[in-house]
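Enquirer: What would the 3D arrangement of this be:
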Amino acid sequence: MIIARTLEELKTARETLGEVNFVPTMGALHEGHLTLVRAARAAGLPVAVSIFVNPTQFGPKEDLSRYPRDEAGDLAKLDQAGCALVWLPRVDTMYPPHASTSVHVANVTARWEGATRPGHFDGVATVVAKLFGQIRPQAAFFGEKDWQQVQVVQRMATDLHLPVKIIPVPTVREADGLALSSRNAYLSAAERKTAPALHAALKEAAQAILAGKEVAATLHKTRQQLAEAGLTPDYVALVHAHTLEPLAGFKAPARLIAAAKLGTVRLLDNLAVGP
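Expert: Coordinates of the predicted model:
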């Protein structure tokens with residue numbers, strides 16, 4: 001496994017490997033990330049993985065300084081998973097002192113995470129565009145847990161004619177339904193027992209909507225269920241799967257998306273509704 005920490009080392013590694021598939025991460029790797037690596041390997045090319053905690057996607061009151069980091073553990077996991085290249089750039093490599101370009105994706109970022117975390121998706125789109133330019137992959141693999149992020153990256157790649165295929169990979173969950181996330185490490189033992197209520201509530205809502213129940217009433221009931229379970233809902237919505245526009249009634253392709261606070265942790269989840 002090649003480890004590159006400078007652009008010159010990355011260039012040499014890319015010349016050595018030829019075409020690659022790509023998995024961008026912020027480290028603190030778990031089974032969800034490793035599933036992405038395996039999916040990228042199964043697609044038939046060597047796999048490059050980036051580990052970079054991107055400061056521009058964190059708000060002023062968010063957890064950049066305490067975001068979990070475990071470089072040695074991450075490298076061991078990637079080596080075992082058969083990763084060919086790990087890109088570990090410095091902040092000043094990704095954001096040189098006089099850099100003045102950022103990427104903004106309109107419309108699909110206007111609601112949900114985009115409204116709750118202003119500037120977040122500008123940071124995501126900018127760093128992913130930079131990583132695509134540095135790695136130059138054939139395909140990039142993203143977990144569906146961050147559904148809105150996948151749509152933002154897809155829109156950016158399409159609009160900018162970037163020669164990379166975006167491959168969504170289904171969310172990896174614990175046995176009780178909790179979506180894997182690096183931030184789950186912040187949950188207390190009691191909160192960890194409560195956290196699966198988010199996925200359970202979304203499953204119940206999806207079943208109700210498919211059974212013909214009124215959407216607004218179903219979403220209201222879901223928010224109540226979350227509150228009663230001890231979570232503080234930020235949003236629960238039925239949306240068009242790709243534009244993220246809210247749907248007043250069921251119409252495929254549809255997605256239930258939700259964010260809720262549990263202690264200090266903000267949980268995200270989503271679920272396809274229908275075909």
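Enquirer: Show me the domain layout of the protein.
Expert: If you go by automatic domain parsing, the domain ranges for the chain are 2-169, 182-269.
Enquirer: Mind checking those for the one nearest to residue 175?
Expert: Distance to residue 175, taken as CB to CB, is lowest for domain 182-269 among these, at 9.3 Å. The way it works is simple: take the backbone N, C-alpha and C, and place the C-beta from them, glycine included.
Enquirer: neighbours of residue 195, just the number please.
Expert: 26 (other CB atoms under 10 Å).
Enquirer: how near is it to residue 113?
Expert: Using CB to CB, to the nearest Å, we find residue 195 at a distance of 18 Å from residue 113.
Enquirer: how close does the closest residue to residue 254 other than its chain neighbours sit to residue 147?
Expert: Using CB to CB, 6 or more residues apart in numbering and skipping residues adjacent in sequence, the residue nearest residue 254 is residue 273, 4.3 Å away. Distance, residue 273 to residue 147, using CB to CB: 12 Å.
Enquirer: which one of those two has more residues nearby?
Expert: Shown here are residue 273 and residue 147; by other CB under 10 Å, residue 147 has more neighbours (26 against 23).
Enquirer: Report the contact partners of the more buried one.
Expert: 241, 255, 257, 270 (CB atoms under 8 Å, 6 or more residues apart in numbering).
Enquirer: Hmm, residue 54 is touching residue 127, no?
Expert: Yes: using CB atoms under 8 Å, residue 54 is in contact with residue 127, at 4.4 Å.
Enquirer: For this structure, just list every one of the helices.
Expert: Ranges of helices within the chain are 7-17, 31-42, 71-80, 91-94, 113-116, 120-135, 147-159, 189-194, 197-210, 215-229, based on DSSP state H.
Enquirer: what's the model's confidence in the fourth one, averaged?
Expert: Right, the one you point to is helix 91-94. The pLDDT scores in helix 91-94 average 98.
Enquirer: Repeat that for the last one.
Expert: Averaging pLDDT along helix 215-229 yields 98.
Enquirer: Repeat that for the third one.
Expert: Summarised as a single mean, pLDDT over helix 71-80 is 98.
Enquirer: ditto for the longest one
Expert: Taken as a whole, helix 120-135 has a mean pLDDT of 98.
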